[in-house]
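Participant: Build me a model:
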Amino acid sequence: MFVHVSTSYVNSDDTDAVKEGRTIPEMIWEKKTNPAKIVEYIKSKDEKYIIKHQTEIIKPYPNTYTFTKDLSERLL
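Facilitator: Below is the predicted model:
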């Protein structure tokens with residue numbers, strides 16, 4: 001059995017809402033990206049590449065925590 005407990009959903013990539021001060025609903029939004037493909041892409045790169053291009057890889061997320069949390073929520 002696997003139980004996933006989360007403090008809230010990650011939607012910090014909704015930059016318009018953040019800029020406008022709107023509340024972002026806690027729900028999983030449909031997104032254009034496929035989390036499984038993103039994971040495969042990252043696995044295909046070496047560590048130096050990932051470190052050098054981290055900001056581009058996680059964009060528009062502000063940090064790796066919110067990026068990986070969003071991927072995990074959508075993979076579940």
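Participant: residue contacts, the residue most central in space within the chain?
Facilitator: Note on the chain: the residue nearest the mean C-alpha position is residue 67, at 2.8 Å, using Cα atoms, centre = their mean. Contacts were defined as Cβ atoms under 8 Å, 6 or more residues apart in numbering; by that measure residue 67 touches 57, 58, 61. (Glycine included, C-beta is placed from N, CA and C.)
Participant: any idea which helix or strand carries it?
Facilitator: helix 64-75 (DSSP states H and E).
Participant: Can you list the buried residues in that helix?
Facilitator: Of the residues in helix 64-75, those buried by neighbour count under the rule 16 or more other Cβ atoms under 10 Å are 66, 67, 68, 69, 70, 71, 73, 74.
Participant: Send me that helix as PDB with only the CA atoms.
Facilitator: Included here for helix 64-75 are C-alpha records, laid out as PDB according to Å, rounded to 0.1, in the frame of the first residue of the first chain:
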ATOM      1  CA  THR A  64      13.500  22.100  -7.300                       C
ATOM      2  CA  TYR A  65      11.100  21.200  -4.400                       C
ATOM      3  CA  THR A  66       8.100  22.600  -6.100                       C
ATOM      4  CA  PHE A  67       9.200  21.200  -9.500                       C
ATOM      5  CA  THR A  68       9.600  17.600  -8.200                       C
ATOM      6  CA  LYS A  69       6.500  17.900  -6.000                       C
ATOM      7  CA  ASP A  70       4.400  18.800  -9.000                       C
ATOM      8  CA  LEU A  71       5.900  15.900 -11.000                       C
ATOM      9  CA  SER A  72       5.100  13.500  -8.200                       C
ATOM     10  CA  GLU A  73       1.600  14.600  -7.800                       C
ATOM     11  CA  ARG A  74       0.900  14.100 -11.500                       C
ATOM     12  CA  LEU A  75       2.600  10.700 -11.600                       C
END
